[in-house]
Structures are given as C-alpha cells and as structure tokens.
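> sequence-free structure coming up:
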C-alpha cells in the first residue's frame, strides 16, 4: 500500500514567477533525456528576463513559496549553455537571497536545486561548499533520529531531494547518503512507501549502480534498482499515474534515425494534474534505471547502443592508453636499432645528432594522441618544422 502526499496540482499561472516552476521541471526532464525544446527554453528565458527587471527587494518578498526560487534555479540550469552574461550576473545576486532561504527553511528541494546551480551553472566553489554544508547538516539531523517511524514525511522528502540533486550534479554526497541508508533498513522501508521519495531513491541507486566506486555499495545499488523499479511501476498503476506519464511525455524511439522527440502536453482532459516535480522525478528514475521499456532505453543502454551502432558503421574506438603504449614502444626501436648497428660496426657515432632528435620528436607526438586520440596533419607539420630547425641549428 502506497502513501501519496500530494494533492492534485492545478498549476499557478497568475504570474511568471509562479509559472516558471512547472516549465523548469519540464525543461529539466527534457534536458536529461537530451531532447531540448527550444520553444520551452525561450519561454523560460523570457520569464527570467522579466524577473530580472524587478527590484531585488520586491522579488525577495515574492519568494515565500519555495517552488518559486526552485523554478528560477532549474530554469537557469536548463539554460546553462545559453545563459546571457547579464542574466548570470542577476542570478548571482538572487542566489544570495536564495542561500539565506536555504539556511532559514532547509527545504530539501530548494537546497538541492541551489547546489545543482552553484556547481553546474555559477561554478562557484565558495557557494557550492556553503550549500553543501547545509545539505550535510540536514542529512546528519535526519540520520540522527533513532526511530524512522517518528520522522515527519517532509524530513524524508528533504533527505531524498538532497541525494537526488547530488546525483544529478555527479557529487559524492549522494554516495554518502546511500551508504548510510544501506545500513538502515527501517528508514529505506519508510522511503519506499511514498511515490516521490521512492522515485528519487530509485534514481539514486540506479546512478550508484552505474557510477559507484565501492564494489559492495555498487552491488547493493544494482540489487535495489530491480526491487525499487518494480515497486515504483506497481505504484504508478495503483494511482493511474502510468497513463498520466504517457500524456506528460510521449514514448521515445531510440532506434529511429532522428532518435524520436519528446513532447509534453500542457492540458489533459479527464486526468488529475499531478505536481510536475513528481512526474519529472518518476520519469528520470524510470529512464536512469531502465524501467521505462519498451518506451526507451536506459541512459547506460543507450550509450552501449550508440557504440555498437558506430562499430557497425566501421568506426572503431581505440583506447588512448593502449595507443600511447604502442607508439612509445615503436619510438624505442629507433635508438635500440641505432646502438645495435653501432656496436656491430655498421654505423658510427657521427649520426647520433640525427637519430636522437628523431627519437625525441617521436615522443612529442604522444601529446596530441592523448589529447585528441589522433595525429592531425597540423601536428605532423609542426613536428617536421621543429626537426628542421633542430638539424639546421646544429
């Protein structure tokens, strides 16, 4: 039996500040699926531009609902590759207000979204560390409870939001949280009784199963991925959310030439409209874990498919380390052959000034190989010019 803590979400469209929350969660989902919607991004950019024209003091008074600053943050994250410099400067100013909100309220979704933006958009280590300290304090406080049954649902939601956004940002805090959860079966059980926390936990263990370094913890992630994935699918059917998701995002055909396209539907008649953050987290969890088949492959399976597809087309990947070792061994044959011929009397030491530079310049080609995986015509041209200067200089 599942708990479901959300009531139907009717959406807030009375102001751009309210609407950006739903749009940004949709944009985040599409970004994760590599299906960016330019129209949607333009709309988010327009809203952020409108907000940037508002005095900071006036804007500060409007951020009492945590969803509003979360919408700003996720909107900035969706636009991170095309964020105008003046908008980034404005975001830096707004971020100071948001950090204070994080310290005062310690709401997991707000703190997690702040961490994602500080690390991946602003790329400010000081802000990132500051938000991470808040996240760590929240996690420590929650794990400090002796009995999970006495925890309020919001506390569990905060914990999983922190882990969820840490995984999105490829940060090790997610691993730390999962490592502590692994030793607390009671807490894990409570987390799987709610659809939103279950979806976030599935996303995190799936991320761990693909990116973890600790073998035992990684194996635990793989085991939990299957268990939690089945449970989430059952929960979606119980609340008829599987139909909602089909309308929220269309199936993706990864085997088509154009890789399909993701389309969202703004209004769905006859269906309750659930919170966009729940729908997005469910979709991200299903994609990361691979439980969305037959609609799509998991991200890991898609990477494997792309490599196989490349092999079929005749493209063969060569690992840089192997290429460098082979190239270095080939270079070593030059002095070895030279000294062997000198010792047998076939050559004199007078030509050492020719072969030694040749040997040294051979190793200079290792840099472009390591950097780009290949030697370009420009690399060879530069090498010949350097050899020419060295020989003429002598």
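Okay, I see it. Small disclaimer: the values here were computed from a predicted structure and weren't measured.

> CA only for contacts and neighbour counts going forward, please
Will do.

> what's next to stretch 194-207, contact-wise?
2-5, 156-157, 160-161, 163-164, 167, 174, 178, 191-192, 221-222, 224-225, 228-229, 232, 235, 278, 281-282, 284-286, 288-289 (CA atoms under 8 Å, 6 or more residues apart in numbering).

> domain-wise, how is the protein divided?
Following automatic domain parsing, one gets these domains for the chain: 16-312, 322-393.

> picking up where we left off before, just the buried members of the contacts of stretch 194-207?
2, 156-157, 160-161, 163-164, 167, 174, 178, 191-192, 221-222, 224-225, 228-229, 232, 235, 278, 281-282, 284-286, 288-289 (16 or more other CA atoms under 10 Å).

> those residues in strands, which ones?
Among the buried ones among the contacts of stretch 194-207, no residue falls in strands (DSSP state E).

> which of the domains of the chain comes out lowest on mean pLDDT?
Lowest mean pLDDT of the domains of the chain: domain 322-393, a mean of 63.

> list the residues that contact residue 245.
Per CA under 8 Å, 6+ apart, neighbours of residue 245: 279, 283.

> can you rerun that using 7 Å?
Residue 245 is in contact with residue 279, counting by CA atoms under 7 Å, 6 or more residues apart in numbering.

> please, which helix or strand holds it?
Using DSSP states H and E, residue 245 sits in helix 241-248.

> what about residue 45, distance to residue 120?
Taking CA to CA, to the nearest Å as the measure, residue 45 falls 18 Å from residue 120.

> spatially nearest residue to residue 48 (excluding sequence neighbours)?
What sits nearest to residue 48 in space, not counting adjacent residues and going by CA to CA, 6 or more residues apart in numbering, is residue 72, at 7.1 Å.

> did I read that right, residue 35 in a helix?
No. Looking at residue 35 with DSSP: H, G, I helix; E, B strand; the rest coil, it is coil, so not inside a helix.

> number of residues surrounding it?
17 (other CA atoms under 10 Å).

> what's the neighbour count on residue 208?
Residue 208, neighbours per other CA under 10 Å, totals 25.

> ok, residues contacting stretch 21-38?
With CA under 7 Å, 6+ apart, stretch 21-38 has contacts from 40, 44, 67-68, 70-71, 74-75, 78, 261-262, 276-277, 280, 284.

> what's the closest of those to residue 103?
residue 70 (14.7 Å; CA to CA).

> tell me the contacts of the closest one?
Taking CA under 7 Å, 6+ apart, we find residue 70 in contact with 21, 110, 113.

> the last one contacts residue 166, doesn't it?
I take that to be residue 113. No. With contact defined as CA atoms under 7 Å, residue 113 and residue 166 do not form a contacting pair (9.1 Å).

> before we move on, back to that, sort out for me which of the contacts of stretch 194-207 are in helices.
Mapping the contacts of stretch 194-207 onto helices (DSSP state H) picks out 156-157, 160-161, 163-164, 167, 174, 178, 191, 221-222, 224-225, 228-229, 232, 235, 278, 281-282, 284-286, 288-289.

> quick one: residue 47 from residue 36, how far?
Between residue 47 and residue 36 the computed distance is 17 Å (CA to CA).

> ok, back up a step: of residue 45 and residue 120, which one has the most company?
For residue 45 versus residue 120, the count of surrounding residues by other CA under 10 Å is larger for residue 45: 21 against 16.

> helix, strand, or coil at the more buried one?
helix.
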